[in-house]
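Trainee: Predicted model follows, preceded by the sequence.
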Amino acid sequence: MKLTLPEALRAQILAEARAAAPRECCGLVLGRRTGGEAAILALHPARNIATAADRFEIALEDHFAAQRMARARGQVVIGCFHSHPGGAAMPSAADLVGADEEGFVWLIATPEALAAFVFENGGFAVAELAVSL
């Protein structure tokens, strides 16, 4: 899958990752899909209600708010973002356990880097991430 992400949103995710450390930041990704491509148009940062510092769990109220926001903008929730403050910008075993929606985009950040994946066929595939101005 090819994803387009405005530079301002990439910078926002990295800033969220730095601000949340040593805990994980998290949120939902809003946009549009067309065939094998998706355009990321907005982020909806969320409260991380996980009890462990190295996990994330999006507060249900924040998930519903993101869905309402997407609908109002003519968009859909196409994925999530979260950080791995002390690790790599790669899906973890915990991420795989929490993933279940086919085609869902996962943006994973460290304080310095951002990578994109899509959940498909029971695992994560690297997504092509094009950052635009």
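Mentor: Thanks, I have it.
Trainee: Just give the closest residue to residue 46, not the sequence neighbours.
Mentor: residue 62 (3.6 Å; CB to CB, 6 or more residues apart in numbering). Any C-beta I mention is one placed from the backbone N, CA and C, and that applies to glycine too.
Trainee: Give the other helices and strands that the strand or helix carrying the one you found contacts.
Mentor: Counting by DSSP states H and E, the element that carries residue 62 is helix 60-72. Contact here means 3 or more CB pairs under 8 Å, 6 or more residues apart in numbering; DSSP states H and E; on that basis helix 60-72 packs against strand 26-34, strand 37-46, strand 76-83.
Trainee: Can you lay out these as CSV showing distance to residue 105 and mean pLDDT?
Mentor: Listed next are the helices and strands packed on helix 60-72 as CSV, based on distance: least, CB to CB, whole Å; pLDDT from 0 to 100:
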stretch, distance to residue 105, mean pLDDT
strand 26-34, 6, 97
strand 37-46, 6, 98
strand 76-83, 3, 98
